[in-house]
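K.L.:
How does the following fold in three dimensions:
(one chain, ligands or ions: 1)
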Amino acid sequence: MKTCLNCGELIGDNADECFKCHYNYKYRRVITPQEIREKREREERERQEESERRKKAEQVKIEQLAKNGGYEYKIEVVRDQDDSAGTIQAILTRYASDGWRLHTMFSNEIGREWVRPDTSLSSSRMLATYNQIVMVFERIIKPQQN
Ligand SMILES: [Zn+2]
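P.N.:
Numbering: from 1, shown residues only. Purely as a prediction, here's the structure:
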């Protein structure tokens, strides 16, 4: 806090003007009612301009969103096996004919423990891994506008 050089009121350190007597630190004097009015009008104008800028930016965003298509996604998991290529081909063909487009595809190694059923040996528990192929399909659900 600092003390107003004109009226002695306690004002904030960053304030450039006393709220009570309008002593202005930049002008080094009390500003006139005319200057106060002009300052208020200028601030009000700046507020309105800022508000209009924000409204305009929001409108642009809304219009842009309306132009974008909406999307939906579906995931298909394929167990990697002897004919995984054929399985993937069949899935791709089926999805493509329904308007889906392959967005992402990755494989995932899954570990699991299994017990060999045909033996009584205690060492029959084994760790095995297999690959999962994950396919992510994408489809536009809202038509794009021009
Ligand atoms: Zn003052």
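
K.L.:
what about the helices in this structure?
P.N.:
Ranges of helices within the chain are 33-67, 84-97, based on DSSP state H.

K.L.:
for the last one, the distance to its chain's centre please.
P.N.:
Just to be clear, that refers to helix 84-97. Distance of helix 84-97 from its chain centroid, counting by CA atoms, centre = their mean, to the nearest Å, is 33 Å.

K.L.:
still on that earlier bit, export the helices of the chain to CSV and tack on mean neighbour count?
P.N.:
No exception for glycine: its C-beta is placed from N, CA and C like everyone else's. CSV is the format used below for the helices of the chain (neighbours: other CB atoms under 10 Å):
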stretch, mean neighbour count
helix 33-67, 10
helix 84-97, 13
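
K.L.:
quick one: the residue lying closest to residue 112 once chain neighbours are set aside from residue 140, how far?
P.N.:
Nearest residue to residue 112 in three dimensions, chain neighbours excluded: residue 128, at 6.1 Å (CB to CB, 6 or more residues apart in numbering). Distance, residue 128 to residue 140, by CB to CB, to the nearest Å: 40 Å.

K.L.:
Nothing else from me, thank you.
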